[in-house]
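A.B. asks: this one's structure only:
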């Protein structure tokens, strides 16, 4: 099998194997897998509302997966999309709440989105600086920064910003809400899907172009593949580490904007729900290719929301198993594929 | 004396490609038998057959008088065959003793390993063969030469009588090479049979008893080393009389391009690597630096290409037509018209996973002529790649898809050369080890291109561990010893002495040791 076919084949094989294994698990839990998957399909793509829910989750997943994918090309494993998303969400919610009510919508949204991106980028850059300046392993740094982000947002929320007897901040002003797709087009019933979805597709395309069409991406990939040679070629590898982390963190911030400005309209404790970690899975399934991430995020979006809808029949945990299993299988099959390629 | 390895009509096919065809060969017991040939001539395949990694498509193999078919290296090891690979297979966290007994612990699982007994055995071998080593040292703390000795001890520990060495000197310094040769001779004198794979002809003549030359999967001749000459071997390898000496017309150098004044280089730890080094290179001449590795070559290049490690101290200056190179970054230095071909190709000169085209752009991707919008103009890049591939006879099938790592060493180097020699407006080329790990056929092309570049008026600083190469290419030669130029041969001297190369080598040898 040629190299290219193999690369396409591995994710598909992984997904199929994961589905087979999950069917077995569902079966063992005493349910009919076919029935469950049927119900899932009806609840997602079977209704406009369900489709909208999937799109909403997919949008966040695209952003956090991009946050993982870009640094991945510079050989950095960003485990911190979760923390970057939390910081971004908090920044967006606070900015949205303190803006004056007379502000035009376009300015207000831009300000909030910028705040979210800046917060996410800043949080990711901390890990980048630690790496470039002190050689701290980025995996450890980003994991630790996740805890710190949780601590900071938790503290600020409970002690300073939470409305009395709630666990969320004051709502953002109306001008800063990103319009729902329903209000603009009438599609997807009252689902949380909003205009951010288009932004997600645009950013994925932008990242694809940056990585594979631009000179900047050429340098970035060179620095990732062979840092020492990059130095000889006059490429500043440290700078590329920082930009990759910064752009990644900014993408995670956009994921936060989707949730806060597009749906919740305030910051709430535990609102990210570990979606930043799912982003790692999305990026890995797509082989860190921005355009494939759109597809991979759709798949995980279906699992995330579909899992919720069949919660009455089987525990949602089963779908966590499917997600994790897919990733394990991808990693295992990719390793196998590489060995086949070498032989 | 008997025959240790006899091959009769061995062939090996990979699909439709014949890597070895109808090879018959006898390796006498207690001799050093060299196997030479260009990259891709089939040397590695043949040794892998002897070592049981590959199984022959047809043919017979007789080891010490017994007809044998190996199904794995384990069989070969049991039959007394051992191999020292080019890349060592040691575990850095284990001691020398632990590494040697690994896989042959002489005890059952969960049974106590008698390290003491093993150590005694190893010490006996180190003394018998002059392989001085501390058996308790960690493998990771050893020099390359010492690591190789561990690999040899491993074979001795397993009672191998036939030892295969795959390009053993590729990673060694000249002094370590000498030492390895002494070891090989003592192994032979104690009755071991040695098969030596190499493409360095000097080594063959220095150490081997018999030489077999391979070309395109066949053995083209087996002759005693005592009656072999280098030109003859080279001719057998490439099938035509190869000019090991490139035609080097006398140049008439122009203005001074690079002038290095009292350059000093002190490492972070305070070790002085370059000391009071001064030289001038004029347009249209090649200034060759002869010297044993480790006398400041790497540091000189690092200083000139702006890559001195953090904390190192550079004194003196290096001026390119009046502009100082010291303290600038590689991209700025390149912009001044300097091109650099570093010593270590795979680590510093190419991105192995990038395609041939992408590598042809590497380092030159900042040139406006390749640009379009935020990316590259694919039409211009393709055109440029096609021109370079044709001009330098780079053998590759699809430059836009094939990673450079799939090319042979010679073709990779041609890519690097094509890229660096054709930089627009270059006035100085820093050229290190232009033919390291390159097969003879490619060496000829590379040498010709270097001379052409010089003739076009570019100043070249040439560093090479091959003295022959320095003599054949250089206009002037500086002898580097302990970080400074100890003696400089003028253009007249070089041109005159080149005619009696052997004497010249000896004379240079005196100045660099």
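C.D. replies: Perfect, I can see it now. Because the structure is a prediction, the values reported are computed rather than measured.
A.B. asks: For residue 300, identify the helix or strand it belongs to.
C.D. replies: Because you didn't say which chain, this covers chain A. Assigned by DSSP states H and E, residue A:300 belongs to helix A:290-309.
A.B. asks: I was thinking of chain B, sorry if that wasn't clear
C.D. replies: Counting by DSSP H and E, residue B:300 is part of helix B:297-304.
A.B. asks: Show me the helices in the stretch 1-150 of chain B, by range?
C.D. replies: B:43-50, B:73-78, B:96-101, B:115-129, B:144-157 (DSSP state H, counting those that start in this stretch).
A.B. asks: Columns mean neighbour count and mean pLDDT on top of the ones you listed, output as JSON lines?
C.D. replies: For glycine as for every other residue, the C-beta is placed from the backbone atoms N, C-alpha and C. Shown next, in JSON lines, are those (neighbours: other Cβ atoms under 10 Å in any protein chain shown; pLDDT from 0 to 100):
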{"stretch": "helix B:43-50", "mean neighbour count": "23", "mean pLDDT": "89"}
{"stretch": "helix B:73-78", "mean neighbour count": "16", "mean pLDDT": "89"}
{"stretch": "helix B:96-101", "mean neighbour count": "24", "mean pLDDT": "89"}
{"stretch": "helix B:115-129", "mean neighbour count": "15", "mean pLDDT": "86"}
{"stretch": "helix B:144-157", "mean neighbour count": "21", "mean pLDDT": "88"}
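A.B. asks: Nearest to chain A, out of those helices?
C.D. replies: helix B:43-50 (13.9 Å; Cβ to the nearest Cβ).
A.B. asks: Show me how far the helix holding residue B:300 is from its chain's centre.
C.D. replies: 19 Å (Cα atoms, centre = their mean, to the nearest Å).
A.B. asks: Any buried residues in whatever helix or strand comes next after it, and which?
C.D. replies: The C-terminal neighbour of helix B:297-304 among helices and strands, as given by DSSP H and E, is strand B:313-320. Residues B:314, B:316, B:318-320 are the ones in strand B:313-320 that count as buried (16 or more other Cβ atoms under 10 Å in any protein chain shown).
A.B. asks: Switch those over to JSON lines; also include distance to residue B:512 and pLDDT.
C.D. replies: Shown next, in JSON lines, are the buried residues of strand B:313-320 (distance: Cβ to Cβ, whole Å; pLDDT from 0 to 100):
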{"residue": "B:314", "distance to residue B:512": "23", "pLDDT": "93"}
{"residue": "B:316", "distance to residue B:512": "22", "pLDDT": "93"}
{"residue": "B:318", "distance to residue B:512": "22", "pLDDT": "94"}
{"residue": "B:319", "distance to residue B:512": "26", "pLDDT": "94"}
{"residue": "B:320", "distance to residue B:512": "26", "pLDDT": "94"}
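A.B. asks: of the residues you listed, closest to residue B:113?
C.D. replies: Closest approach between the buried residues of strand B:313-320 and residue B:113, by Cβ to Cβ: residue B:314, at 51.2 Å.
A.B. asks: thought that closest one was touching residue B:308?
C.D. replies: Yes. If you go by Cβ atoms under 8 Å, residue B:314 and residue B:308 touch, sitting 6.0 Å apart.
A.B. asks: Could you pull out the residues contacting both of these two?
C.D. replies: residue B:265 (Cβ atoms under 8 Å, 6 or more residues apart in numbering or on different chains).
A.B. asks: For residue B:181, list the residues it contacts.
C.D. replies: By Cβ under 8 Å, 6+ apart, the neighbours of residue B:181 are B:203, B:206-207.
A.B. asks: cool, residue A:65 as well?
C.D. replies: A:81, A:279-280, A:282-283, A:286, A:293, A:296-297.
A.B. asks: any idea which of those has the most stuff around it?
C.D. replies: Most neighbours among the contacts of residue A:65, by other Cβ atoms under 10 Å in any protein chain shown: residue A:81, with 35 neighbours.
A.B. asks: How much space separates that residue from residue B:403?
C.D. replies: Computed as Cβ to Cβ, to the nearest Å, the residue A:81 to residue B:403 distance reads 30 Å.
A.B. asks: Go ahead and confirm residue B:128 touches residue B:190.
C.D. replies: Yes. Residue B:128 lies in contact with residue B:190 (Cβ under 8 Å); the separation is 7.1 Å.
A.B. asks: For the helix or strand of chain A with the lowest mean pLDDT, list every residue counted as buried.
C.D. replies: The helix or strand of chain A with the poorest confidence is helix A:317-342; it has a mean of 75 (mean pLDDT, DSSP states H and E). Buried residues in helix A:317-342, counted by 16+ other Cβ under 10 Å: A:318-319, A:321-323, A:325-327, A:329-330, A:333-334, A:337.
A.B. asks: Just give the number of residues close to whichever residue of the stretch 201-343 of chain A sits closest to chain B.
C.D. replies: At 3.2 Å from chain B, residue A:234 is the closest residue in the stretch 201-343 of chain A, using Cβ to the nearest Cβ. By other Cβ under 10 Å, 23 other residues sit near residue A:234.
A.B. asks: What are the neighbouring residues in contact with it?
C.D. replies: B:329-334, B:363, B:366.
A.B. asks: Tell me the secondary structure at it.
C.D. replies: Using DSSP: H, G, I helix; E, B strand; the rest coil, the structure places residue A:234 in coil.
A.B. asks: got a list of what the residue lying closest to it once chain neighbours are set aside touches?
C.D. replies: Distance criterion Cβ to Cβ, 6 or more residues apart in numbering or on different chains; nearest residue to residue A:234, sequence neighbours excluded, is residue B:331 at 3.2 Å. By Cβ under 8 Å, 6+ apart, the contact list for residue B:331 reads A:234-235, B:366.
A.B. asks: looking at this, residue B:331 is in a helix?
C.D. replies: Yes. The assignment for residue B:331 (three-state DSSP) places it in a helix.
A.B. asks: tell me the angle of the helix or strand harbouring residue A:247 relative to helix A:290-309?
C.D. replies: Using DSSP H and E, the element containing residue A:247 is helix A:237-259. For helix A:237-259 against helix A:290-309, the angle by axes from the mean of the first three to the mean of the last three Cα atoms, to 10 degrees is 40 degrees.
A.B. asks: Please point out which parts of helix A:237-259 sit buried.
C.D. replies: Residues A:237-238, A:240-259 are the ones in helix A:237-259 that count as buried (16+ other Cβ under 10 Å).
A.B. asks: Likewise for stretch A:293-313?
C.D. replies: Residues A:293-294, A:296-310, A:313 are the ones in stretch A:293-313 that count as buried (16+ other Cβ under 10 Å).
A.B. asks: now do stretch B:3-14
C.D. replies: For stretch B:3-14, by 16+ other Cβ under 10 Å, it's B:4-7, B:10-12.
A.B. asks: So which of those is the closest to chain A?
C.D. replies: Using Cβ to the nearest Cβ, these come closest to chain A at residue B:12, 16.0 Å.
A.B. asks: on that earlier part again, JSON lines for the buried residues of stretch B:3-14, including distance to residue B:159 and pLDDT?
C.D. replies: Converted to JSON lines, those look like this (distance: Cβ to Cβ, whole Å; pLDDT from 0 to 100):
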{"residue": "B:4", "distance to residue B:159": "14", "pLDDT": "91"}
{"residue": "B:5", "distance to residue B:159": "17", "pLDDT": "92"}
{"residue": "B:6", "distance to residue B:159": "21", "pLDDT": "92"}
{"residue": "B:7", "distance to residue B:159": "23", "pLDDT": "93"}
{"residue": "B:10", "distance to residue B:159": "25", "pLDDT": "92"}
{"residue": "B:11", "distance to residue B:159": "31", "pLDDT": "92"}
{"residue": "B:12", "distance to residue B:159": "28", "pLDDT": "89"}
